Every structure is written in C-alpha cells, then in structure tokens.
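Q: build the 3D model from these lines:
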Amino acid sequence: MSNGVNGFHKELEGLHVNGVTNGGSSSAESDRKKKMNRKNSSPMMPAFMVSAPGKVIVFGEHAVVYGKSAIAASISLRSYLLVTHLSKSRRTVTMQFPDIDLTHSWNIDELPWEIFNSPSKKKYYYDLVTALDPDLVAAIQPHLANISLGKPEHERKIHLNSAASFLYLYLSLGSPRSPGCKYTLRSTIPLGAGVGSSGSIAVCLAAAMLLQIRTLSGPHPDQPAQEARVQVERINRWAFVAELCIHGNPSGVDNTVSTYGKAVVYRRSKPPTVTSLWDFPELPLLLVNTKTPKSTAVEVGKVAKLKDEQPELVDTILEAIDQVAKSAESLIDEEYFDSEESESLRRVGQLMTINHGLLSALGVSHPRLERIRELVDHENIGWTKLTGAGGGGCSITLVKPGVPQEKIERLERQLEDEGFQQFRTTLGGDGVGVLWPAVLKNGLDEDEDGGMEIDIEKFLNAPGNDGVESLVGVSGGLDGAEREGWKFWRIEGQ
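A: Numbers count the residues shown, from 1 in each chain. Reported below is the predicted structural model:
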C-alpha cells in the first residue's frame, strides 16, 4: 500500500511534521529550509480545516449490525474541524468542541506514549483495527479523570466519550514529537439524533490527524481514482476506531458514508464491504428531529435482547429488512428509474414505509416518531420512516412531487408548534473534504487580497448553524454552489 507521502499538497513541501521532512528536495534546499525553520518559532503547519457530512440511513437500520445490507446517504449538514498548530515551545494539545461546551487541554509530554508506542501495541496508519486494546483504553483513563467534573452525569458521559475517542486516535496516530495543536470543532448536524454527528466528527478527526503525519496524498484534481480510494479507506478505518470509543459496537455505517459521501450499500464484515452508489439520486428530504434524546447503544441492546428471547422471529424480521434494502438498490439501478418521476418515487416511498413498519416491530420506534408520520400522512405529503437507531432521534420524509406549497407550509407550522426541529436537506453530496490552508474565497472584495483566513476567533464566534455555513460552509458561498478552496477525494467509478 502506498505510503501516500509523494504527491501531497505543495504547501507541505519542506515542512517538519513529527520530526520528518518531505522527500524530494535537494540537500542544499533541505539545509536552507532547516535554517529558515530555526530562525523563528512559527507554527509547524498552516491552519487547515476538515469537513465531513452527516448521514441518514435510508434502508437497513439494525439489520446491518447482524451482517445485513444497509443503504446510507450523506446529507448536506456537516461538521467542520479547524486545526491550528502552536509554536514549538508550547507542548499542549487542546480539543475545543463548543457545541457540547467541552474544552480540555493535555500536556503532550505527560501522555502515555510509552505503551501506545510499545512494539506489541503500536498501530500504524495503514493498519485495520477492529477492536480497542483494553490496555490502551486503561492507559488513557487517568488522563480523562478531571474532565467536566462539575457537569451533570449525562453531559459528562458525552464529554468523557468524546475525549476518550480523541485521545485514543491522537495517541495511536501521533508521536511524542507531535507539535502543540488546537482542534476546534463546530457542527451543523443535530447532536444525538441518529444522523451521524459522532461519525462525522470521527471522520474529521481521523482525516486531520492522518494529514498531520503526512500519510495522505491529495486531494488534488490529478489524483488517480484508485489512489484516492486508498486514501479515503485509510480515513474510514481510523474513523471507525474513534466510533468504537464512543459506541462500543458501532455498525460502521456512519463513519463510512461520512467518509465516502454520496450513498453506499454497506455490509458489516471484517473488513466491512462497501459498494458505492454513484448514481443514487439527489433526493430532497424533510429531516425532522424529535428532540427526544436517544442512545444507539441502548436501542441496539434492545434488539439484541429481543433476538435472544425470540431468535427465529427476529431473524425473520432482520431478513425482511435486508430484502427491503436489496429491493431499493435494485430499484435505483433500474434503467428507467427517474428520481423526478412520480411512479419511481412512489416505489421508493413504499419501501421506506415497509422498512419503518419492520423497525417498529423490533420495538425501536417512539411516539414522537409516530406523531411525525401521522402529521405527514394527514397532509398526504410523502413517505416517512425513522432513520438511525430509533427510540427518538430523527425521521426522514421523501416528499411527493407536486405537493402544493401551502400543504408543506402547514405541515412545517404544525411541526414547529409541537416542538419538532426540521431541516430541508439533500442526499448524496460529497464526503470528507479538506480546506488547506484555512483560507476561503467568498466572492467578496477582500478576496482580491488572497481570500479570508479562518482563525479560531472567527470560527468560534460564527452565530449558529447559519453562521458556520456562511463562514466556512462547503456550499456556503453567495450562490450556494460549492465554494472555492474545498477539495474532495474523487473515487467515482471504482
């Protein structure tokens, strides 16, 4: 497998990362750059940003945990991670996640590098890690002890899981020579709602840390598709490790679709198998958040318990969910499928309805989810199902073509009156992307001077989801098109 160093961003040439320099420079040039680096204590790398989308599972929830197929698609809501390097004398690493009110710093030199780098434990960027090492998990516990001590138990658990995920990745992919750094994250994805917020964050962290140790090439326009696929799968593998820290037994769907983008057919195995659906239609959805907290682990455990008590019955339901996902894949692949044609959409919606009924039979729906379906059905607007683990979280509605605007507005008012949060989303966008360096062109006068640099203060002060999208969003330009500066690994057709 390629080490991915050759062909990396031109901006990285000659920069020192984890004690190594980029190959290919002459000795004299190398010496010159070393002397330049010794003259000051400027950051070792420019600030850069990584972004990854949220996701919805369109078909196959819960069955995927048991080796069945699931179809998941990216949505236009995304996480954005700003990585800022500190001067060489500052030996701290900070995670700053204001959306969950979490900021914590560690002294890099005091972290348990010895055990993470020991020959029997060390993992490399190209390794496939399918389980956490208990000794490594134990080694980071003392470094989590003083996190969010004054927070309520539920909130502190989220903080501890986030910090554990961050540290496990940081120690696995970094080294004692890693530079001081701040990781600042903002997300426009509803948190804890079953639409891949943690998977999106995991992808951002994995991509950022792999970029920092220069084990990714690109993304760049001339990159061969197969090389891009290797890079993307590398990100996906380490994002799954981060998900293991948070969920214990994740399916791998969330990190996979957040990494690859578009839509995928996913089957859990070792290693997982992923079939990209590059022709998956860009279907506008109404995403509705029940605002009812849910736990993926609890809902997965609920199904596992039911399966132990009723194995034959539950196996039949899981097999039926698998057949729905396969039918949807076949439908979308049909020559005459047309995402703007009523009959094609009706057939997709019918499969969504069946899928929801089977999930309800497993006991993972919720009264708030059923209320959304009732309101949508009353207006005859479209087809609705839960998405994700259930037990709360979100629903997705495929809206029928030609529905009068007044009907949609009436539904939206009713949902708002009953305390639901709603988003107009689009399926099938890009996966993980990189903004290197963190400079955007927004079509403004200031762009004539090279664009606007995104610093931590601007990023933290961006007001709400709209402010984040306006400042750094992949599609946050004045015309809503993909904004100049963001780059993505392109692997279509492989």
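
Q: going by C-alpha atoms from here, please, whenever you check contacts or count neighbours.
A: OK.

Q: where along the stretch 51-200 of the chain do the helices fall?
A: Listed in chain order, the helices of the stretch 51-200 of the chain (DSSP state H, counting those that start in this stretch) span 113-116, 134-140, 153-173, 197-212.

Q: and V257, how far from D133?
A: 25 Å (C-alpha to C-alpha, to the nearest Å).

Q: and those two? Which one has more around it.
A: Shown here are V257 and D133; by other C-alpha atoms under 10 Å, V257 has more neighbours (36 against 13).

Q: and that one, that one's in a strand?
A: No: according to DSSP: H, G, I helix; E, B strand; the rest coil, V257 belongs to no strand; its state is helix.

Q: quick one: contacts for it?
A: Contact partners of V257, counting by C-alpha atoms under 8 Å, 6 or more residues apart in numbering, are K55, A72, A73, S74, A263, V264, G431.

Q: just W383 next, same as before
A: G349, Q350, M352, T353, R373, V376, D377, T397, L398, V399, K400.

Q: may I see the buried residues of the host helix or strand of the third one?
A: M352 is located in helix 342-361, with elements delineated by DSSP states H and E. Within helix 342-361, the residues that count as buried by 16 or more other C-alpha atoms under 10 Å are 344-349, 351-360.

Q: and if you look at stretch 398-413?
A: Result for stretch 398-413 [16+ other C-alpha under 10 Å]: buried residues L398, V399, K400, I408, L411, E412.

Q: is the fourth one part of a helix or strand, or is it coil?
A: Put plainly, it is I408. Per three-state DSSP, I408 ends up helix.

Q: pLDDT score assigned to it?
A: At I408, the predicted lDDT confidence score is 91.

Q: just checking, it touches I381?
A: Yes: judged on C-alpha atoms under 8 Å, I408 makes contact with I381 at a distance of 7.3 Å.

Q: hang on, the earlier thing: which of the helices of the stretch 51-200 of the chain sits most buried?
A: Across the helices of the stretch 51-200 of the chain, averaging neighbours per residue (mean count of other C-alpha atoms under 10 Å) puts helix 197-212 on top, at a mean of 27.

Q: which elements pack onto the helix or strand following it?
A: As assigned by DSSP H and E, the chain's next helix or strand after helix 197-212 is helix 225-247. For helix 225-247, the elements it packs on are helix 153-173, helix 197-212, helix 253-260, judged by 3 or more C-alpha pairs under 8 Å, 6 or more residues apart in numbering; DSSP states H and E.

Q: what comes up buried for helix 225-247?
A: Buried residues in helix 225-247 (16+ other C-alpha under 10 Å): 227-232, 234-247.

Q: now do it, average pLDDT.
A: Here the average pLDDT along helix 225-247 is 92.

Q: related to what we said a few turns ago, wait, which of the contacts of V257 is closest to L283?
A: Nearest to L283 among the contacts of V257, counting by C-alpha to C-alpha, is A73 at 10.1 Å.
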